[in-house]
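In: This is a predicted model, with the sequence first.
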Amino acid sequence: MSTITEAFTADHRQCDHRFAELEAAAAKGDWSETGRLLGEFRQALERHMLAEEESMFPGIEARTGGSSGPTEVMRMEHEEMRQLIEELAQAADTGDERTFLGVAETLLVLMQQHNMKEEQIVYALADELMDEAHAADARARIEA
């Protein structure tokens, strides 16, 4: 059985790989492929964020007594990522390479910073604080 840190960090890497493929397709101007890859990336990232929001964060918050602090910040950043992905979709739909690549760069920086905070702080908290039921649910969601 893996830890929260191991499972969720591995999923970050899979999402990062999908994002790199997406950027490469957009840079080539292949908007059909970009649209397909954006759909796959969006689905993978949304699955990841929902596993955190619906299972991991509540597991941490149950032990810390509230939803402020790191989990609150992570939720706000998730919303920022969702908005940027919507902007990517609009740019992809119109074939606006300049906007797409600019928004993709912004999203990449946000994801890198976000992932570092999760991997160094939030996942360690989860491994330390979560009861086994919440931890098992979170791992099952991300490893499915």
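Out: Right, received. Where do you want to start? Numbers count the residues shown, from 1 in each chain.

In: where along this structure do the helices fall?
Out: Assigned by DSSP state H, the chain shows helices spanning 4-27, 31-51, 57-64, 70-94, 97-117, 123-129, 132-143.

In: I'd like the ones you listed laid out as JSON lines, including mean neighbour count and mean pLDDT.
Out: For the C-beta atoms, the positions are set from N, CA and C on the backbone; glycine is no exception. Formatted as JSON lines, the helices of the chain follow (neighbours: other CB atoms under 10 Å; pLDDT from 0 to 100):
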{"stretch": "helix 4-27", "mean neighbour count": "17", "mean pLDDT": "96"}
{"stretch": "helix 31-51", "mean neighbour count": "17", "mean pLDDT": "97"}
{"stretch": "helix 57-64", "mean neighbour count": "19", "mean pLDDT": "91"}
{"stretch": "helix 70-94", "mean neighbour count": "16", "mean pLDDT": "97"}
{"stretch": "helix 97-117", "mean neighbour count": "16", "mean pLDDT": "97"}
{"stretch": "helix 123-129", "mean neighbour count": "18", "mean pLDDT": "94"}
{"stretch": "helix 132-143", "mean neighbour count": "17", "mean pLDDT": "88"}
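
In: what's the spacing between residue 12 and residue 103?
Out: Distance, residue 12 to residue 103, by CB to CB, to the nearest Å: 20 Å.

In: My error: substitute residue 73 in the last question.
Out: Using CB to CB, we find residue 73 at a distance of 22 Å from residue 103.

In: quick one: contacts for the one residue sitting closest to the centre of the chain?
Out: Nearest to the mean C-alpha position of the chain, counting by CA atoms, centre = their mean, stands residue 45 at 4.4 Å. By CB atoms under 8 Å, 6 or more residues apart in numbering, the residues touching residue 45 are 15, 81, 85.
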